[in-house]
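Asker: mind looking at a prediction? Sequence and model below.
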Amino acid sequence: MRIAIYVRVSTHRQAQTQTIEQQIERLQAHIRDKGWILEAEHIYQDNGYSGAKLNRPGLDALRDHAVLADFDLVLITAPDRLARNYVHQVLIIEDLAKRGVAVEFLDRPMSDDPHDQLLLQIRGAVAEYERTLIADRMRRGRLNKYRAGKLIPWTRPPYGYRVDPDHPREPALLQLDAADTAIVLQMFEEYLEPRSTLYSIAKRLSDLGIPTPTGKPRWNVSSLRWILTNTAYVGRAVTNRTCSVPAKHRKSAMLPAGPGVGWALRPEEDWIVVPVPAIVSQEIFDRVQAKLSTNQKTSPRNNKSYQYLLRGLVSCGVCRLSATGRTQSSGHHYYVCRGRTDALRAAQGQRCTARYMPANQLDELVWQDLCAVLVDPEIVRHALERAHGGHWLPQELQAQVSALTKAIQQLEHYQERLLEAYLVNIIELPEFERKRKEISQKRDALQKQSLQLQATATQRIALSQVADSIEIFCAKIRPMLEQADFDQRRQLVELLVDHVVVTNGDVEIHYVIPSQPEGPHVPFSHLCLDYRNHLRRSQRGSRL
């Protein structure tokens, strides 16, 4: 029998205490007792990987080799070494079983006996409970150590700090790096100079060849801002500052919201401050924060010199990133792709080649197209019909539903007559079963078709109500279009336009159409609130 073994430890500390080797020795001893043969390439191990996740290199290699039929049995010390989650255990065991590979646990051999399967389920549930309990205890223990100042709240120390290799979380052993500290001090002092900006400092550091905190050659503005706003440099390392919340923002309307989790600040009274050595004075730090706040308020992206009608709604069709408004020194206004202006992307050779988008032309183009939609609601009605599929007339739907109902009733009548024929011995049992099965299959198929048609008819009724509400809304808003000021135009654009895609000279406008008859008093586009809502959209193309 060809054997494979799988061993795992959760932390690197466990790996250093020879826990992996102990598991391997136990499994090899059992294999020798059985007289089996174990090849070295069939020893799969994961050092420092949690059993709560399936994304483990050793486990992935084991499953990949099982597909190739390299072994017949996988030997593991205990179920919790395979996974801490019972669902994951069952998933892996069933996946291996499909490949003809059995799984055996050394501590408690399993079989198909119901008692063994029940025991496996109980042990899996206990392992999952233990993992949750351990995680909660570790979280609470860390918070208590943070409050007592006995633990540094960093997985990676900030730029300028050095931790002890053997005790990386010990505050008393935290040290300052002289060279990096000098650079940090220079960052703070240089930013306070009259005409200094984050971009100019990042460019100077990159030109001097000073590596970033992660060892890269190019500095970016976000890294500098993080350093200049980090309270650790004035002696206060803050933790328990944020919490996870559902994601509500994305880089572009053409990109997904990601995993659906974002971050938000906790109340300030919940923050935990751990004292660390200071690098800059509180006075300099406060002056830097004041300048950062002032520059942010007076930034070109926050200026009021031009009212961008499509602010936050324009996306680049070349690189799929969003485009922001920019006013040139000549007085011209443009929407510019973020991929074109990002210095880091340019340094990496990934700069977008899309041309600048004239703001006044694009705003006017979208507004005229929006007015055309509101003046002619038939465009929206047609888009709704196309989105829902089909252009059947209500009477045709009714006729099809009626025909299907009659066909189902006729099949039920045939089934009754077939039963009568069998009861008076006209047909034999095998013939009766065969014909009854055929009739049942036809009846089920017709019933499914009938349900689909009924759903389509219901959808058509709802569609008609939505279209009617849109016509009413358009009739109310139509007289106001010519006299609408910027705020009113912006409100309409936010209401009905999801995003605008500009690919060089081509413009594609994605509209948001209400899918419920409750209608226009509810905002259709939740672009700045929730990107994960599923909205009915139509689109139109234009040329810029």
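Answerer: Perfect, I can see it now.
Asker: and Ala135, what element?
Answerer: helix 114-147 (DSSP states H and E).
Asker: helix or strand next in line after that helix, which one?
Answerer: Helix 114-147 is succeeded, C-terminally, by strand 161-162 (DSSP H and E).
Asker: so where's the stretch 151-300 of the chain uncertain?
Answerer: 247-262, 296-300 (pLDDT under 70).
Asker: show me where it has strands.
Answerer: Counting by DSSP state E, counting those that start in this stretch, the stretch 151-300 of the chain has these strands, from start to end: 161-162, 175-176, 236-239, 242-246, 261-265, 272-275.
Asker: figure out which of those strands is closest to Val103.
Answerer: Among the strands of the stretch 151-300 of the chain, the nearest to Val103 by C-beta to C-beta is strand 261-265 (33.5 Å). Where you see a C-beta, it was placed from the backbone N, CA and C, and this is true even at glycine.
Asker: where exactly do the strands run in the stretch 1-150 of the chain?
Answerer: Along the stretch 1-150 of the chain, counting by DSSP E, counting those that start in this stretch, strands occupy 2-9, 37-47, 73-76, 102-105.
Asker: looking at those, which is closest to Gly149?
Answerer: Closest approach to Gly149 among the strands of the stretch 1-150 of the chain (C-beta to C-beta): strand 2-9, 30.5 Å.
Asker: could you say what helices and strands that closest one packs with?
Answerer: helix 19-34, strand 37-47, helix 57-67, strand 73-76, helix 79-82 (3 or more C-beta pairs under 8 Å, 6 or more residues apart in numbering; DSSP states H and E).
Asker: could I get the buried residue list for it?
Answerer: Applying a neighbour-count criterion of 16 or more other C-beta atoms under 10 Å, one finds 3-9 buried in strand 2-9.
Asker: sorry, back to before: between the strands of the stretch 151-300 of the chain, which one is closest to Asp60.
Answerer: Short answer: strand 261-265, nearest of the strands of the stretch 151-300 of the chain by C-beta to C-beta, at 24.5 Å.
Asker: tell me how far Gly215 lies from Arg266.
Answerer: 32 Å (C-beta to C-beta, to the nearest Å).
Asker: stretch 80-96: how far from the chain's middle?
Answerer: Put simply, stretch 80-96 sits 25 Å off its chain's centre (C-alpha atoms, centre = their mean, to the nearest Å).
Asker: got the contact list for Gln307?
Answerer: 486, 490 (C-beta atoms under 8 Å, 6 or more residues apart in numbering).
Asker: and stretch 368-375, which residues are buried?
Answerer: Buried-residue list, stretch 368-375, by 16+ other C-beta under 10 Å: 369-371, 373-374.
Asker: what ranges does the stretch 351-500 of the chain have for its helices?
Answerer: With DSSP state H, counting those that start in this stretch as the criterion, the stretch 351-500 of the chain has helices at 359-375, 378-388, 394-423, 429-477, 486-496.
Asker: could you tell me the least trusted of those?
Answerer: Ranked by mean pLDDT, the helices of the stretch 351-500 of the chain bottom out at helix 378-388, with a mean of 60.
Asker: and this structure, what are its domains?
Answerer: Domain assignment of the chain by automatic domain parsing yields the ranges 2-141, 161-297.
Asker: would you turn those domains into JSON lines with distance to Val493?
Answerer: What follows is these, written out as JSON lines (distance: least, C-beta to C-beta, whole Å):
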{"stretch": "domain 2-141", "distance to Val493": "43"}
{"stretch": "domain 161-297", "distance to Val493": "13"}
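Asker: to Ile408, which of those lies closest?
Answerer: domain 2-141 (39.7 Å).
Asker: pLDDT of the closest one, averaged?
Answerer: The model assigns domain 2-141 a mean pLDDT of 81.
Asker: between the two ends of that domain, how far is it?
Answerer: Distance across domain 2-141, first residue to last, is 45 Å (C-alpha to C-alpha, to the nearest Å).
Asker: quick one on the thing from earlier: of all the strands of the stretch 1-150 of the chain, which lies closest to Asp64?
Answerer: Proximity to Asp64 (C-beta to C-beta) singles out strand 37-47 among the strands of the stretch 1-150 of the chain, at 10.0 Å.
Asker: many thanks, I have nothing further to ask.
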